[in-house]
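Q: pasted the sequence and its predicted model underneath.
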Amino acid sequence: MIFRCGGEMKRLCIYVTYDFENIIDDYIGCVLKELRKVIDYLVVVCNYEYIAKGVENVQPYADKIYYRENKGFDAGAYKDVLCRHLSWDEICKYDEMLLVNDSFYGFVYPIENMIHTMKKAGTDYWGITRAPCGKLEDGYWYDTHIQSYFWAFRKNVLKSAWFRQFWSELEYPYTLNQTVKGYELGLNYFLKQHGFKGTALTDMGHLNCIFKEKENPYMLYSLELMRDLKVPIIKRTSFYLTNKGFGNALKALQYIEMHKMYHSELIKKHMFRISQSLQNQGMLNLLSLKKFHEKYKNIYFYGAGVYGHNLALLFDYMGWQFTGFMVTDIKNQTEKCLEFNKVELGDCDAVIISVADKRTCVQILELIKRRYAMDQILSPNFIR
């Protein structure tokens with residue numbers, strides 16, 4: 001067991017991870033190693049039955065490991081630990097409790113820096129990023145709030161009967177939308193309602209003016225958060241090809257590499273592996289993409305929207321070449337594109353469907369495969 005140097009405050013941390021292959025990736029080992037520098041007791045919750053690979057990334061750092069079905073996502077895992085496994089008397093022995101999930105890479109700055117900064121803030125609870133007000137896809141409006149992938153609660157919150165009530169009454173969410181409403185937004189509102197004050201690391205700087213209504217800071221401004229506000233993490237979802245801020249995330253990755261702040265190969269290794277399973281997000285299988293690029297001389301991107309431009313940025317980052325964009329209809333296109341019906345592909349040519357909408361992706365595939373072999377076409381994980 002590697003023990004931390006916790007400083008003046010005594011801290012408990014509950015870290016939750018989920019993986020479709022039951023793997024604890026190397027980047028998680030880096031996160032846990034850094035957390036142990038400021039944590040006195042670390043609980044790791046695996047939202048699956050066993051660790052198939054990577055146990056060496058958790059065992060040296062965790063004081064306790066729990067396994068459970070992925071019921072209620074992160075919120076359900078926290079609820080189970082707080083309401084079933086740890087007593088509140090035990091929890092209240094700590095000055096601060098951290099609730100952390102596996103949705104980010106880091107830490108690119110020493111975690112002690114962030115802990116020291118947030119200690120000076122003197123609030124009852126804190127997080128890393130604050131989201132501006134906005135609305136969910138179902139039209140539900142929400143107020144500005146602290147995002148829940150990294151949350152810290154001080155002793156006065158831990159001792160509060162209201163805080164315990166929230167967890168005992170929290171229903172296990174069954175969808176991401178329910179998780180955001182009931183857990184992230186719900187707990188923010190609950191704490192504010194009962195007089196607790198919270199802040200985020202991003203509140204401590206001068207860039208809040210760039211975060212517009214409905215925007216998610218960590219999805220769009222990875223570079224600015226890291227470089228200018230010293231945010232020590234980068235979110236996994238910022239590297240999804242469907243993300244409008246993908247190019248910004250790549251710039252953040254290049255910034256990390258330029259300044260040797262973090263082992264960037266851990267990010268790429270993880271993203272290449274999980275890209276095989278990101279079906280709902282429409283991610284390309286990056287392992288297949290690499291082989292596809294190596295096989296064909298001329299590669300076209302079918303679609304010149306956000307996805308297509310992100311794919312072009314990825315190719316540029318990887319040092320790969322692509323021939324150009326093609327579309328069904330070139331009218332009203334701001335990008336220089338080729339019209340699909342006027343392009344003749346040879347045996348050394350291929351097409352990558354670069355659209356984020358599943359229905360459109362299927363329609364394009366039906367169109368292309370009338371003229372070309374399936375092994376000349378690569379599509380997002382919408383299509384298996």
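A: That came through, no problem.
Q: hey, let's count contacts and neighbours off CA atoms from now on
A: Fine.
Q: and the strands in the stretch 1-150 of the chain, which stretches?
A: Secondary structure of the stretch 1-150 of the chain (DSSP state E, counting those that start in this stretch): strands at 11-17, 41-46, 64-67, 96-101, 104-106, 125-127, 130-131, 134-135, 141-142, 145-146, 150-154.
Q: low-confidence ranges in this protein?
A: Low-confidence regions of the chain, defined here as pLDDT under 70, cover residues 1-7, 206-210, 279-280, 383-384.
Q: any idea how far apart the tips of stretch 76-96 sit?
A: Start to finish, the residues bounding stretch 76-96 are 20 Å apart (Cα to Cα, to the nearest Å).
Q: so which bits of that stretch are buried?
A: For stretch 76-96, burial by neighbour count (16 or more other Cα atoms under 10 Å) applies to 76-82, 91-92, 94-96.
Q: quick check: the farthest pair among these?
A: Largest separation among the buried residues of stretch 76-96 by Cα to Cα: 76 and 95, giving 23.3 Å.
Q: which among the strands of the stretch 1-150 of the chain is found nearest to residue 187?
A: When the strands of the stretch 1-150 of the chain are compared by Cα to Cα, strand 145-146 sits nearest residue 187, at 9.6 Å.
Q: what lines up beside the closest one in the sheet?
A: As defined by DSSP bridges, the strand partners of strand 145-146 come to strand 130-131 (antiparallel).
Q: which residues sit against the partner strand?
A: Strand 130-131 is contacted by residues 144-147, 199-200, 202-203, 211, 215-217 when judged by Cα atoms under 8 Å, 6 or more residues apart in numbering.
Q: what's the answer for stretch 354-371, then?
A: Applying Cα under 8 Å, 6+ apart, the set of residues contacting stretch 354-371 is 242, 281-282, 301-308, 311, 353, 377, 379-380, 382-383.
Q: thinking again about what came up before, for the buried residues of stretch 76-96, which one is nearest residue 182?
A: Set against residue 182, the nearest of the buried residues of stretch 76-96 by Cα to Cα is residue 76 (11.1 Å).
Q: just to check, the closest one is in contact with residue 169?
A: No - distance between residue 76 and residue 169: 11.6 Å, which falls outside the contact criterion (Cα atoms under 8 Å).
Q: and residue 183, what does it touch?
A: Per Cα under 8 Å, 6+ apart, neighbours of residue 183: 75, 170.
Q: roughly how far apart are it and residue 171?
A: Distance from residue 183 to residue 171, counting by Cα to Cα: 9 Å.
Q: now do the strands in the stretch 151-300 of the chain.
A: All strands of the stretch 151-300 of the chain, identified by DSSP E, counting those that start in this stretch, fall at 198-200, 233-235, 298-302.
Q: for the ones you listed, which one sits closest to residue 64?
A: strand 233-235 (24.4 Å).
Q: run through who's touching stretch 148-162.
A: By Cα under 8 Å, 6+ apart, stretch 148-162 touches 88, 91-92, 94-103, 124-128, 163-164, 184, 194, 196.
Q: next one: stretch 58-68
A: Here stretch 58-68 has contacts from 1-3, 24, 28-29, 32-33, 36, 41-50, 77, using Cα under 8 Å, 6+ apart.
Q: from those residues, which would you call buried?
A: With burial judged by 16+ other Cα under 10 Å, the buried subset of the contacts of stretch 58-68 is 3, 24, 28-29, 32-33, 36, 41-48, 77.
Q: list the contacts for residue 134?
A: Residues near residue 134 by Cα under 8 Å, 6+ apart: 141-144, 213-215.
Q: any idea which of the strands of the stretch 151-300 of the chain is most buried?
A: strand 298-302 (a mean of 23; mean count of other Cα atoms under 10 Å).
Q: for that one, name the packing helices and strands.
A: Contact analysis of strand 298-302 by 3 or more Cα pairs under 8 Å, 6 or more residues apart in numbering; DSSP states H and E lists strand 324-327, strand 349-353 as its packing neighbours.
Q: what about the helix or strand following the shortest one, distance to the chain center?
A: With elements assigned by DSSP states H and E, the helix or strand that comes after strand 324-327 is strand 337-339. Its chain's average C-alpha position is 34 Å from that of strand 337-339, according to Cα atoms, centre = their mean, to the nearest Å.
Q: neighbouring contacts of strand 337-339?
A: Strand 337-339 has contacts (Cα under 8 Å, 6+ apart) with 304, 324-330.
Q: and the furthest pair within those residues?
A: Using Cα to Cα, the pair of the contacts of strand 337-339 lying farthest apart is 324 and 329, separated by 14.9 Å.
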